[in-house]
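>>> coords please:
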Amino acid sequence: MALASAKTTVIPVQAGAHLSMATFQAFLCQGCQRRYTPGQADSESGASLMNATRGVTLKLFCILGVALLAIAAVAWMPPVPQDPAYHDFADQRTLYGIPNYWNVVSNLAFVIAALPGLLLLAGKLPLAGGLPELRPVYLVFFVGVLLTGFGSAYYHLDPTNASLVWDRLPMTLAFMAFFSMIVGEYLSPGPGRALLWPLLVVGILSIVYWHLTESGGRGDLRPYALVQFLPMVLIPMILLMFRSRLNGSIFLWAMIAAYVISKLTEHYDAELYAAIGTVSGHTIKHIAAAVGTLFIYIALRRRRLAGRQ
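Model (predicted):
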């Protein structure tokens, strides 16, 4: 058969050959000024796809390179023991018989922030603002936040290295799940879901390692530092380099901003307590981190697949 142009130029196509839409569009764009070679447009599309694949590969190597450099730098450092002064919080008031009252009670914010997400995921309705394949990842994230509320409250009742384990352990669940969520939404759901369980094991082992080394008199926080801070370095890179299947990335940036605020207020615990007089920086840290969790819940409610309303 043959396809004729407005100038009666005949473009031969072998019988039974498939004329793809990309081929047809490429032919139209040429204005029928030159003879068409079967498969030409498809080849051009293939070249574009190959270039895009190379771009993705370079981005992935960049992220992997940063991760390996961070791991190498931390491994090169000497062991970092837990500073005993870490437990010396600015606000140590006892109210209603509860020591360190506000640092204990403010952990209710984590419970309050986690419950809506857990209720949303427990429902049987479609997950409009997330990817169905990542439902277990979202679930682990909110479970980690919920347990952080209880673990952190327990720690602040009597701050010691032993009780700190139960504060940090659930936090690692939330950190690792959040990183898996970003990988799943911005790279591919399969790897994001597959990474969850190995990352959880790594996070838990980092706490066990720290606790054992601390008990042996040679504390080493390096693995835990990587578990907490490396994802918060890699996540912004992924958000900037890749595009999610979902819209509403602003909610994820808001989560990151809340995390940064929580770390700043934690660092300036005493200064904020002296300036405000009623609550300390560490109490504000708990509230800021809980607000970050709410941004993830809002994202799961309000986001949609890109291109849909």
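>>> quick one, helices of the stretch 201-309 of the chain?
Counting by DSSP state H, counting those that start in this stretch, one finds helices in the stretch 201-309 of the chain at the ranges 222-241, 250-267, 269-276, 281-302.
>>> could you list the low-pLDDT ranges of this protein?
1-52, 125, 307-309 (pLDDT under 70).
>>> and for Arg168, the neighbour number?
Applying other CB atoms under 10 Å, we find 22 other residues in the vicinity of Arg168. The way it works is simple: take the backbone N, C-alpha and C, and place the C-beta from them, glycine included.
>>> okay, the helices of the stretch 201-309 of the chain in a markdown table with mean neighbour count and distance to Pro170 next?
Listed next are those as a markdown table, based on neighbours: other CB atoms under 10 Å; distance: least, CB to CB, whole Å:
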| stretch | mean neighbour count | distance to Pro170 |
| --- | --- | --- |
| helix 222-241 | 17 | 13 |
| helix 250-267 | 18 | 15 |
| helix 269-276 | 16 | 21 |
| helix 281-302 | 22 | 12 |
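>>> would you list those helices in JSON lines and tack on distance to Leu200?
Formatted as JSON lines, the entries for the helices of the stretch 201-309 of the chain read as follows, by distance: least, CB to CB, whole Å:
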{"stretch": "helix 222-241", "distance to Leu200": "10"}
{"stretch": "helix 250-267", "distance to Leu200": "19"}
{"stretch": "helix 269-276", "distance to Leu200": "29"}
{"stretch": "helix 281-302", "distance to Leu200": "17"}
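>>> can you map out the strands along this protein?
In the chain, strands defined by DSSP state E lie at 2-4, 10-12, listed in chain order.
>>> wait, which of the helices of the stretch 201-309 of the chain is closest to Gly117?
Gly117 lies closest to helix 281-302 among the helices of the stretch 201-309 of the chain, at 4.4 Å (CB to CB).
>>> what is that closest one packed up against?
Contacts defined by 3 or more CB pairs under 8 Å, 6 or more residues apart in numbering; DSSP states H and E place helix 281-302 against helix 101-105, helix 108-122, helix 135-157, helix 250-267, helix 269-276.
>>> can you put those in a markdown table and add distance to Arg218?
Formatted as a markdown table, the entries for the helices and strands packed on helix 281-302 read as follows, by distance: least, CB to CB, whole Å:
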| stretch | distance to Arg218 |
| --- | --- |
| helix 101-105 | 28 |
| helix 108-122 | 32 |
| helix 135-157 | 22 |
| helix 250-267 | 25 |
| helix 269-276 | 27 |
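>>> so for Glu214, which of the helices of the stretch 201-309 of the chain sits nearest?
Nearest to Glu214, of all those, is helix 222-241, at 10.6 Å by CB to CB.
>>> what sits up against the closest one?
Around helix 222-241, the neighbours that count as contacts under CB atoms under 8 Å, 6 or more residues apart in numbering are 59, 62-63, 66-67, 70-71, 74-75, 77, 79-80, 168, 171-172, 175-176, 178-179, 182-183, 186-187, 202-203, 205-207, 209-210, 249, 252-253, 256, 259.
>>> give me the buried subset of those residues.
If you count burial by 16 or more other CB atoms under 10 Å, the buried members of those come out as 59, 63, 67, 70, 74, 168, 171-172, 175-176, 178-179, 182-183, 186-187, 203, 206-207, 209-210, 249, 252, 256, 259.
>>> what's the burial count for Leu127?
Look at Leu127: counted by other CB under 10 Å, it has 17 neighbours.
>>> let me fix that: Glu214
There are 18 residues near Glu214, going by other CB under 10 Å.
>>> which residues does the nearest residue to Asp167 once chain neighbours are set aside contact?
Excluding the flanking residues, the one nearest Asp167 by CB to CB, 6 or more residues apart in numbering is Tyr155, at 3.9 Å. Taking CB under 8 Å, 6+ apart as the definition of contact, the neighbours of Tyr155 are Ser163, Leu164, Trp166, Asp167.
>>> which among these gets closest to Phe150?
Nearest to Phe150, judged by CB to CB, of those is Trp166 at 8.1 Å.
>>> now for that closest one: which residues touch it?
For Trp166, the contact set (CB under 8 Å, 6+ apart) comprises Gly151, Tyr154, Tyr155.
>>> distance to Leu131 added to these, as JSON lines?
Listed next are those as JSON lines, based on distance: CB to CB, whole Å:
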{"residue": "Gly151", "distance to Leu131": "28"}
{"residue": "Tyr154", "distance to Leu131": "34"}
{"residue": "Tyr155", "distance to Leu131": "34"}
